[in-house]
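Provide a 3D model corresponding to the input given below.
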Amino acid sequence: MQLALSLRTLSWALLASCWLGASCSGAHEPTQATKTAVHADIAATANVPALVGLTIDDLHMRLGSRQPLPAGFLTPAAQGVPEAASQLVNRDSLASFQAGGLTLLANYNAQTRRVHELVVLGHYEDSLMAKATLRTSASHYLVLPLFANDRPNYLLGLRVVPVN
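Presented below is the predicted three-dimensional model:
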């Protein structure tokens, strides 16, 4: 009788330990895969930092002839220039070039031929930074986003402004 009682107690103890062990193991819980950000390696196609600080004539020599201005960039207001400052920007001081599959706009002074800024057109900041080999930590230029006036969350491209 005592043997049967001790076997019964042992079986309950064994059953309880198995039940407790199984409930803590997480074997019955759905697996939770952690999502990691996947960044594709984007090959650099243009060395825009090498173009910073050049004159418009130097840009012509390095990048070839001008291309037609992209649609929407025919007026200074469409470039993201505020209405008050749009009077200061002449249409003849804006040139478009193709470099490594990227469209570059050069805003320059027609009299001095000095380029004030370059704009790399595109909608994906990380992709533009990689393709143009731009770095936010560079000491000789600043990288600033250029958003559409009527859609403040819509990226038109990146402005590259030389630091003098």
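
any idea how far residue 56 is from residue 48?
According to C-beta to C-beta, to the nearest Å, residue 56 and residue 48 sit 15 Å apart. All C-beta spots, glycine's among them, are computed from the backbone N, C-alpha and C.

look at those two and report which has more neighbours.
The neighbour comparison of residue 56 against residue 48 (other C-beta atoms under 10 Å) goes to residue 48, with 24 against 19.

give me the phi and psi angles of that one.
Dihedral pair for residue 48: phi -60, psi -40, per degrees, to the nearest 10.

what sits against it?
Residues near residue 48 by C-beta atoms under 8 Å, 6 or more residues apart in numbering: 99, 102, 104, 118, 120, 132, 133, 134, 160.

how much space between it and residue 137?
15 Å.

the strands in the protein, which residues?
94-99, 102-108, 115-121, 141-147, 155-162 (DSSP state E).

who touches the shortest one?
Spelled out, it's strand 94-99. With C-beta under 8 Å, 6+ apart as the test, strand 94-99 has contacts from 45-46, 48, 51, 56, 59, 63-64, 66-70, 73, 79, 103-108.

same question, stretch 135-147
Taking contacts as C-beta under 8 Å, 6+ apart, the residues outside stretch 135-147 that touch it are 49, 52-53, 79-80, 119, 125, 129, 134, 153-163.

out of those, which end up buried?
Buried by 16 or more other C-beta atoms under 10 Å: 49, 52, 79-80, 119, 129, 134, 155-160, 162, out of the contacts of stretch 135-147.

name the nearest of these relative to residue 113.
Taking C-beta to C-beta as the measure, residue 113 lies nearest residue 162 of the buried ones among the contacts of stretch 135-147, at 14.3 Å.

hey, what's that closest one bridged with?
Beta bridges link residue 162 to residue 141, judged by DSSP bridges.

isn't it up against residue 51?
No. The criterion here is C-beta atoms under 8 Å, and residue 162 misses it with residue 51 at 9.9 Å.

just send the strands of the chain back as TSV, with mean pLDDT too.
Shown next, in TSV, are those (pLDDT from 0 to 100):
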stretch	mean pLDDT
strand 94-99	90
strand 102-108	92
strand 115-121	92
strand 141-147	93
strand 155-162	93
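
now the helices for the chain?
For the chain, applying DSSP state H gives helices covering 2-25, 56-63, 125-131.

weakest of these by average pLDDT?
Least confident of the helices of the chain, judged by mean pLDDT, is helix 2-25 with a mean of 50.

no further queries at this time; thank you.
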